[in-house]
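# I would like the atomic coordinates for the input below:
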Amino acid sequence: MILTDNKLDKEPRFLDASEEIDILKNSSSVDLFDQNGYHLTQAEQAFLVRNGYEAVERRHEDCMRYDWIISNKKSGAHINHCDLFERKGFGDCALDQLHAVAEDCNPMLYKLIYMKPKWGVDISIDFVSPKCAFEVFHYEWDTFEYEEVIEKKLEVEELVLRLNWDEVATDIWNLRDEWYHLDFFEQSKWRTDYFGISPEKFKHVIWDS
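Sure thing, here's the model as predicted:
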């Protein structure tokens, strides 16, 4: 497993106004607003390039997502996905622009105006063999505080890079009578107890008070 050089950006907000004003004026540009995740509406995507971020190139991937820990291993214990996420709020000229367009013709933009910035980590390690296939470790953790996510990121990195995951998978499979019958949240709690880390924390609503 290889730790990438990708990092989460400490700046919590888009600051520069978008040049794609027609998108902001379109009331459909805020359709499918994701109130607890990282999927970006078309209106949010309109601020990416102007604020120094890469445009979304693939239709099925509309997040500010970065590879975190990578591996080419395709048997036994392997990484299913391992990503860093961020969702920007708005400030300065970008916020002024949203207010102006919202008041003029697109009140749906108030959903963006009242968003809180959020960061998160997400890792899933699976196991496959002729005898079984199962999830060994899955950990999602979100926060509205940059310093908190950096601390959690380092904690998970230390755990993931330290362990022999084929050995861990064998041990967890031998303990399957303790967790196999549990539902999603109970299995998550069983695994975080097993690894000695705090419970998962995700899907927090991003509306600001």
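# list the contacts for the residue located most distally from the centre of the chain?
Most distant from the centre of the chain: Asp104, at 32.7 Å, with distances by CA atoms, centre = their mean. Contact analysis of Asp104 by CB atoms under 8 Å, 6 or more residues apart in numbering lists Lys25. In short, each C-beta sits where N, CA and C put it, glycine included.
# For it, give its distance to Tyr53.
26 Å (CB to CB, to the nearest Å).
# From the centroid of the protein, which residue is nearest?
Most central in the chain (CA atoms, centre = their mean) works out to Phe85, at 3.5 Å.
# Can you check what pLDDT the model gives His60?
pLDDT, His60: 57.
# what do you get for Leu175?
97.
# what's around it, how many residues?
For Leu175, the count of nearby residues is 12 (other CB atoms under 10 Å).
# What residue, apart from its backbone neighbours, is nearest it spatially?
Closest residue to Leu175 apart from its sequence neighbours, by CB to CB, 6 or more residues apart in numbering: Tyr194 at 7.9 Å.
# Does the one you found touch Ala169 like I think?
No. Contact between Tyr194 and Ala169 fails when scored by CB atoms under 8 Å: they sit 11.8 Å apart.
# So which of these two has more stuff around it?
Set Tyr194 next to Ala169 and count neighbours by other CB under 10 Å: Ala169 wins out with 24 against 15.
# Specify the local secondary structure of the more buried one.
What DSSP: H, G, I helix; E, B strand; the rest coil gives for Ala169 is helix.
# ok, it to Ile69 distance?
Taken as CB to CB, the span from Ala169 to Ile69 is 16 Å.
# report the longest helix in the protein, please.
For the chain, the helix that runs over the most residues, judged by DSSP state H, is helix 146-162.
# so how far is that helix from its chain's centroid?
14 Å (CA atoms, centre = their mean, to the nearest Å).
# which helices and strands sit right next to that helix?
strand 69-70, strand 118-128, strand 133-143 (3 or more CB pairs under 8 Å, 6 or more residues apart in numbering; DSSP states H and E).
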